[in-house]
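# Sequence and predicted model, in that order:
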Amino acid sequence: MTSVYDDRYEALEPFFRIIMEGLGGLVDGEHFFDILAEDVVTEFVVTVPGYPARVEGREDLAALYRGYGDAIILDHSGDLAVHRDRETSTVVLEYAVQGHLTLTGRPYENRFVSVITIQDRAVTHWRDYLDSYAAVQALGVGG
């Protein structure tokens, strides 16, 4: 598998690091995009206006994340809690990110819960929950 990662994703590096830490030893790959199955399904259960609720495929998720740094640059991630269910091959990650808005420098903070299914050492399904109010407040979207 060829990695889709390149320097256009540097704004998300703290996110990538915390995910790799949380899934350490459970998946194969050197980078976030490498651990995703080609046909991974990503669902954003709690989201913000203008963001998709569902993305199918690694390439489409990479395309969605490619423009992240146009709006937000993450500076730090932490508060990682990992919950594993070996019977269902499910991992739940709780974590926080901090960063700043690209255009204004205004601070951005958010908390996430990601419910991740792993098969054959690759992520096949990702269900994401975030504090949408924090995102809307930081970005000033949705009124």
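Sure thing, it's come through. Numbering: from 1, shown residues only.

# Double-check that Val27 belongs to a strand.
No: using DSSP: H, G, I helix; E, B strand; the rest coil, the assignment for Val27 is coil, not a strand.

# Please renumber the chain so that the first residue is 32 from this point on.
Sounds good: first residue 32 from here, last item Val58.

# Report the spatially nearest residue to it, omitting neighbours in sequence.
Distance criterion CB to CB, 6 or more residues apart in numbering; nearest residue to Val58, sequence neighbours excluded, is Ile66 at 4.1 Å. (Each C-beta comes from the backbone N, C-alpha and C, glycine too.)

# ditto for Ala127
Asp110 (4.3 Å).

# got it, and Phe143?
Nearest to Phe143 is Leu161, by CB to CB, 6+ apart, at 5.0 Å.

# Then Val154?
Leu67 (5.0 Å).

# surely the one you found meets Glu87?
No: proximity of Leu67 to Glu87 does not meet the contact threshold set by CB atoms under 8 Å, at 11.5 Å.
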